[in-house]
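**Student:** What follows is a predicted protein model with its sequence.
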Amino acid sequence: MSVSDENTTVVIVGAGVAGLALGNFLLRSGIDCVVLERRSREYVEQRQRAGVIDTRAARMFREWGLADRILGGAPLEPVLNFRVDGRTRPFRYVTDDHGDGRFCPQQVLVRNLIDVFVGDGGDLRFGAEDVELEDISGPRPRVRYRDGAGVTRIVACDFIAGCDGDHGVSRSSIPEGELTRHSHEYGYAWLTVLAEAPANHQSMMAIHPRGFAGQFARGPRASRFYLQCPLDSSVEEWTDDRIWEETEARFGEPVGVKGRISSKTLVPLRSVVHDPMSHGRLYLLGDAAHIVPPMSAKGMNLALHDADVFATAVVKQVKEQDAGLLDAYSSTCLKHVWNYQAFAAWFTDLMHDAGDASYHGEFRRRLARAEFERLYDSETANQLFGEFLTGLN
Ligand code: RFL
C-alpha cells in the first residue's frame with residue numbers, strides 16, 4: 001500500500017544537528033515541515049560526536065527564542081590547555097565576548113532539540129527507510145520513503161533540506177556534474193576513542209614528536225581521546241593498553257582514570273566543500289555540503305549556521321514571497337564555510353606539523369612552532385584566534 005497524498009512546505013531529510021535545528025526554527029515560524037530520519041530516536045540521542053557550541057551558534061539559538069530550552073552544558077572556558085613536549089602551556093585567548101559559548105556534548109544538544117521539536121508538535125518520523133528524492137528541479141518535489149510498518153509514503157513539498165550528512169541520499173540525488181567537490185587530505189588520521197574517563201579540563205591537547213593527542217570532556221564522566229596516526233593504521237592495532245600508553249607518552253603525564261573504552265574509530269582528516277550548496281529546490285546543509293577536520297571544532301557549528309541561514313530564507317520566501325535570501329543561500333553559506341575551512345586547515349596543520357615531523361618534515365615543524373609561539377607573543381594573533389574559536393569572525 002502506498003500513501004501519496006501528504007503535503008508540506010519543507011521536507012527535512014536527516015535528524016542531526018542541522019535538520020533538528022532547522023525543524024525547530026521553521027516550527028517556531030509557523031512553517032510546516034516534516035523531518036525524516038533513517039535511524040531510531042534512541043540511536044540518534046546516543047550518538048556521541050562534537051562538544052563545542054561556539055558563541056555565534058549560542059546567540060543564534062537566543063535569537064530564535066530557543067536558548068533556554070536547547071542550550072545545555074557548561075560555559076566555554078576561554079582557555080586551551082596545551083601540553084608541548086610534555087610541558088603544560090595554557091593558552092588564554094583574548095575575546096571581547098565569550099559568555100555565550102557552551103561545552104555541550106552533541107548528543108545532549110540533539111536530545112534537547114528533539115524534546116523541544118516533538119513537545120511543540122513537530123512532525124519527526126524515525127525509522128524512515130529507503131528515502132528517495134524525486135523531481136528536485138520541478139515546482140513541487142517529492143520525497144518517498146518506507147515507514148517502520150513497511151508502508152511506502154510520498155510527501156510533496158516546496159523545498160527539500162538535505163541534512164543527511166556526508167553519506168546521505170540528498171547530495172547523491174543531484175545529477176552528476178552539477179556540483180564541484182573541492183577537497184584536501186591532510187595525510188594522517190585520528191584514532192578517536194570514547195572512554196569512561198573524567199577529564200580535568202574541558203580540553204587538553206598535546207604537541208609531541210610521537211604525534212598529536214587530545215582529550216576532550218564529554219560530560220562529567222567521559223572523555224573523547226584523539227591520537228594522530230598513519231592513514232593505514234587499523235583499529236585492531238590499537239589495543240586498550242596501547243591507547244593508554246601512547247596517550248600518556250604524548251601528554252608526558254599519567255591519565256588520571258583509565259576507564260572502560262566504549263568505542264574506537266579511525267577518521268582520516270580531510271576538508272571537503274561541495275559547490276553550490278543547492279540544486280533546484282534541494283538545499284544541502286551541514287555535513288551533506290561540507291566536512292571540516294574535527295581539530296577546529298567547527299563541523300557542528302557550520303551545520304547550525306546553515307540551518308539559521310536556510311530557515312531565515314524560507315521564512316522570507318513563505319511570508320513575503322521574496323526569494324532573494326533563498327537564491328543567495330549557497331553563496332552566503334559558502335563564504336562562511338571557506339572562512340572556517342581556512343581556520344580549520346591552519347589550526348590542523350599547526351597542531352600536527354609542530355609535533356611529528358615524519359609527515360611534513362623538519363622545516364614545516366619549525367614553521368608550525370613559530371606560529372604556535374606567535375599566539376602567545378602577539379595580541380593580534382591571539383585576538384584573531386579567539387574570534388575564530390568563538391565564531392565571531
Ligand atoms: P549528522 O549529525 O551526521 O546528521 C545527519 C543525520 O542524517 C541521518 N541520515 C538519514 N536520514 C534519512 N535518510 C537517509 N538516507 C539518511 N542518511 C543519513 C543520519 O542518521 C543523521 O541523523 O549531520 P549534520 O546535522 O550535518 O551535523 C554535522 C555534525 O554532526 C558534524 O559536523 C560534527 O559531528 C563533526 N564533528 C565535530 N564537530 C564539531 O563542531 N566539534 C567537534 O568536536 C567534532 N567532533 C565530529 C567530531 C565528527 C566526528 N565523526 C562523525 C567522525 C568527532 C567525530 C568522531
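**Tutor:** Right, received. Where do you want to start?
**Student:** can I assume residue 391 is in contact with residue 56?
**Tutor:** Yes - here residue 391 reaches residue 56: they are 3.2 Å apart, a contact under Cβ atoms under 8 Å. From N, CA and C alone the C-beta is placed, and that goes for glycine too.
**Student:** And these two? Which one has more around it.
**Tutor:** residue 391 (25 against 19; other Cβ atoms under 10 Å).
**Student:** Report the contact partners of the more buried one.
**Tutor:** Neighbour list for residue 391: 54-57, 101, 298, 301 [criterion: Cβ atoms under 8 Å, 6 or more residues apart in numbering].
**Student:** and if we set it to 7 Å?
**Tutor:** By Cβ atoms under 7 Å, 6 or more residues apart in numbering, the contact set of residue 391 is 54-57, 301.
**Student:** returning to that earlier point: overlap in contacts of residue 391 and residue 56?
**Tutor:** By Cβ under 7 Å, 6+ apart, residue 391 and residue 56 have these common neighbours: residue 301.
**Student:** for the top helix by length along the chain, which positions count as buried?
**Tutor:** For the chain, the helix with the greatest residue count under DSSP state H is helix 329-353. The neighbour-count check on helix 329-353 (16 or more other Cβ atoms under 10 Å) flags 329-330, 332-334, 336-337, 340-341, 343-353 as buried.
**Student:** Equivalent analysis for stretch 215-225, please.
**Tutor:** Buried residues in stretch 215-225, counted by 16+ other Cβ under 10 Å: 215-219, 222-225.
**Student:** Which residues of the stretch 151-300 of the chain lie near the ligand?
**Tutor:** 163-165, 168-169, 192, 267, 286-287, 294, 297-300 (Cβ under 6 Å from any ligand atom).
**Student:** ah, wrong one, I meant the stretch 1-150 of the chain
**Tutor:** Where the stretch 1-150 of the chain comes near the ligand, counting by Cβ under 6 Å from any ligand atom, the residues are 13-19, 36-39, 44, 49-52, 106, 128, 131.
**Student:** ChimeraX command to pick out the buried ones of those?
**Tutor:** This is the ChimeraX syntax for the buried subset of those, where burial follows 16+ other Cβ under 10 Å:
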select :13,14,15,16,17,18,19,36,37,38,44,49,50,51,52,106,128,131
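**Student:** before we move on, back to that, output the next helix or strand after the longest helix of the chain as CSV, restricted to C-alpha atoms.
**Tutor:** Next along the chain after helix 329-353, taking DSSP states H and E as the criterion, comes helix 357-377. C-alpha atoms of helix 357-377 as CSV (Å, rounded to 0.1, in the frame of the first residue of the first chain):
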residue,chain,number,x,y,z
ALA,A,357,58.0,15.8,11.7
SER,A,358,57.7,12.4,9.9
TYR,A,359,54.7,13.6,7.8
HIS,A,360,55.8,17.0,6.6
GLY,A,361,59.4,17.4,7.6
GLU,A,362,61.6,19.5,9.9
PHE,A,363,61.1,22.8,8.0
ARG,A,364,57.3,22.7,8.4
ARG,A,365,57.8,21.6,12.1
ARG,A,366,59.8,24.8,12.8
LEU,A,367,57.3,27.0,10.9
ALA,A,368,54.5,25.5,13.0
ARG,A,369,56.4,26.0,16.2
ALA,A,370,57.0,29.7,15.3
GLU,A,371,53.2,30.1,14.5
PHE,A,372,52.4,28.5,17.8
GLU,A,373,54.6,30.9,19.8
ARG,A,374,53.1,33.8,17.9
LEU,A,375,49.8,33.0,19.6
TYR,A,376,51.4,33.7,23.0
ASP,A,377,53.6,36.7,21.8
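**Student:** Buried residues of helix 357-377, list them for me.
**Tutor:** 359-360, 364-365, 367-369, 371-372, 375.
**Student:** Now do the same contact list for residue 104.
**Tutor:** 51, 53, 71-73.
**Student:** at 8 Å instead, please
**Tutor:** Counted by Cβ under 8 Å, 6+ apart, residue 104 has contacts 51-53, 71-74.
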